[in-house]
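Undergrad: sequence unavailable; structure follows:
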């Protein structure tokens, strides 16, 4: 099978249990936790036939690399999600809805974006291989299981990847505060890839020039920008709303 990765926290490990328990090699847990949440989790893991190993705090922290493991750490094989643009485009059924992240380097933000993408039914999150967060254990935990259901595809050249999407009939729409049209005035019910840049910096010049269209999120308060995951959520769910109205 594929290489092993580390998942930690109740949300991430439970999501993998539900998605494919057979892909989990083993679950290490804190035997000093006697609360109901832990007992329910252990019962579900045992029922799924997963190997359970009692471990002390040092071993759990060493595997997770984070104190927020909640007493649950799993070693599991990667699930067979799309690994590149060609696989992604070949496998999409329905109208493509993609989220593209340009320059998002914080794994917490990546995890939150994956969670939003999953909730909105997006087919994938795409990012450049350089200047981007890796899909590590921290991102997987923040994603609360979305890392197991939403492909995270990294590309060598983002502008080239956007052109490939355009050649496949996907309309590429970037976000920028100075754009004339708002997200609510932009047509998002067709095949679209929504590009969101890092908070403060926004999209890089070449990324922006490759977009078919630019839109902004109306800001009524004193702050100048939103967290990237919040901005992604606003845009993706406006696309969802438009598609529901279209039906």
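TA: Everything's here; your move. Everything numeric here is computed off the predicted structure, so don't read it as measured data. Numbers count the residues shown, from 1 in each chain.

Undergrad: any idea of the pLDDT on the spatially closest residue to residue 37 that is not a sequence neighbour?
TA: Leaving out its chain neighbours, the residue that sits closest to residue 37 by Cβ to Cβ, 6 or more residues apart in numbering is residue 10, at 6.6 Å. The C-beta positions use only the backbone N, C-alpha and C, and glycine is treated the same way. On pLDDT, residue 10 comes in at 89.

Undergrad: also the one 10 residues further on?
TA: Predicted confidence (pLDDT) for residue 20: 82.

Undergrad: and the one 5 residues further on, by the same measure?
TA: As summarised for this prediction, residue 25 has a pLDDT of 94.

Undergrad: that one sits in which helix or strand?
TA: Residue 25 is part of strand 24-29, with elements assigned from DSSP states H and E.

Undergrad: that strand - contacts with which helices or strands?
TA: Packing partners of strand 24-29 (3 or more Cβ pairs under 8 Å, 6 or more residues apart in numbering; DSSP states H and E): helix 10-20, helix 36-47, strand 52-54, helix 57-64, strand 72-77.

Undergrad: list the buried ones in that strand?
TA: 24, 27, 28, 29 (16 or more other Cβ atoms under 10 Å).

Undergrad: go on, stretch 4-17?
TA: For stretch 4-17, by 16+ other Cβ under 10 Å, it's 5-17.

Undergrad: determine which two of those residues are furthest apart.
TA: Using Cβ to Cβ, those span at most 17.2 Å, a distance reached by 5 and 10.

Undergrad: any idea how far the residue nearest to residue 239 when sequence neighbours are not counted lies from residue 145?
TA: What sits nearest to residue 239 in space, not counting adjacent residues and going by Cβ to Cβ, 6+ apart, is residue 188, at 3.9 Å. Distance of residue 188 to residue 145, computed by Cβ to Cβ, to the nearest Å: 26 Å.

Undergrad: and the two? Which one has more around it.
TA: Between residue 188 and residue 145, counting by other Cβ atoms under 10 Å, residue 145 is the more crowded of the two (24 against 21).

Undergrad: contact partners for the closest residue in space to the more buried one that isn't next to it in sequence?
TA: The spatial neighbour of residue 145 that comes closest, neighbours along the chain excluded (Cβ to Cβ, 6+ apart), is residue 15 at 2.4 Å. Contacts of residue 15 were listed using Cβ atoms under 8 Å, 6 or more residues apart in numbering, and they are 144, 145, 146, 148, 149.

Undergrad: how about those in JSON lines, adding distance to residue 93?
TA: Listed next are these as JSON lines, based on distance: Cβ to Cβ, whole Å:
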{"residue": "144", "distance to residue 93": "25"}
{"residue": "145", "distance to residue 93": "21"}
{"residue": "146", "distance to residue 93": "19"}
{"residue": "148", "distance to residue 93": "19"}
{"residue": "149", "distance to residue 93": "15"}
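
Undergrad: I figured residue 213 was touching residue 166, is that so?
TA: No - taking contacts as Cβ atoms under 8 Å, residue 213 lies outside contact range of residue 166: 11.2 Å.

Undergrad: any shared contact partners between those two?
TA: Common neighbours of residue 213 and residue 166, using Cβ under 8 Å, 6+ apart, are residue 172.
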